[in-house]
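A.B. asks: sequence-free structure coming up:
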């Protein structure tokens, strides 16, 4: 059968119609992004010549991508990347797709890191740990803006660490990656092979090594709430990165309890949280010796970050 011929206008209209029929919330925008990705079409070139004929192979590929998106496969899994803090990050089914809400955590962390670096007394670098690093977007964004810091990213998923390693290589950031269930293997030799790019150490992680800043976007969705999430999240984000236990606070409890053995006196712990979890997480931190605990809101005015300073005494 002869392939249909499409102008740019015709194919974007068809793509939008298919996505609208499938109930995709931002059908027109996603249809545009997929055309831009498939054919390298800028908006200026489109509006300058919307009647231009699209190459047959590009039209075929575009419509295949539209069908994928209509089945609720996330746009970022089709294009393979997502922008975060102005940087491009590889993403896939093994990591959470970076979201704008998380930029609030990065922005708060950068403020603290920069303030600490100004106050350093003879130390060459400041140590940052990103727990549950996933794609590495949080740690790598901080490191890009605070290049003198020393960064370590930790995740239980070997596949996530492979993705984080590729992102580090792409952005030109030198980071150490550790495969561990939170702090569980902090004094055990790493047995994992997490791809050459990740540079996962073979030596034991020193249990006495402490960090100036610990950041984390842990799983925080209550287990029973996961079935109510969008299909794109429920079926395509890794469940291990979503499920925060019965009340959504399981990983906050574990990280806060163990963090006091791995954070410098006066060091800061920062979490992304669900918008209703601020009070609970703040109380957990206060109970383990964190002071000046604050809840920060995102651009939508929702509670998004809890942070505090550890006081050893």
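C.D. replies: Right, received. Where do you want to start? Keep in mind the model is a prediction, meaning the values are calculated, not measured. Residues are numbered from 1 along each chain as shown.
A.B. asks: what is the host helix or strand of residue 282 packed up against?
C.D. replies: Here residue 282 sits within helix 278-287, counting by DSSP states H and E. Secondary-structure packing of helix 278-287 (3 or more C-beta pairs under 8 Å, 6 or more residues apart in numbering; DSSP states H and E): helix 250-259, strand 290-297, strand 303-310. C-beta here means a position set from N, CA and C on the backbone, and glycine is covered the same way.
A.B. asks: average pLDDT across it?
C.D. replies: Average pLDDT, helix 278-287: 97.
A.B. asks: residues touching it, excluding its own?
C.D. replies: 249, 252-253, 256, 269, 271, 273, 293-295, 303, 306, 308 (C-beta atoms under 8 Å, 6 or more residues apart in numbering).
A.B. asks: mark which of those are buried, thanks.
C.D. replies: Burial by neighbour count, judged by 16 or more other C-beta atoms under 10 Å, picks out 249, 252, 256, 269, 271, 273, 293, 295, 303, 306, 308 from those.
A.B. asks: would you map the helices across the chain?
C.D. replies: Taking DSSP state H to define them, one finds helices in the chain at 8-21, 27-39, 43-48, 56-70, 75-79, 103-118, 137-145, 158-171, 231-236, 250-259, 278-287.
A.B. asks: pull out the buried positions in the lowest-mean-pLDDT helix or strand in the chain.
C.D. replies: Here the helix or strand of the chain ranked lowest by mean pLDDT, DSSP states H and E is helix 43-48, holding a mean of 87. Buried residues in helix 43-48, counted by 16+ other C-beta under 10 Å: residue 46.
A.B. asks: ok, the closest residue to residue 34 other than its chain neighbours - contacts?
C.D. replies: Distances taken as C-beta to C-beta, 6 or more residues apart in numbering place residue 65 nearest to residue 34, at 4.8 Å, with adjacent residues excluded. Residues counted as contacts of residue 65 (C-beta under 8 Å, 6+ apart) are 34, 37, 38, 78.
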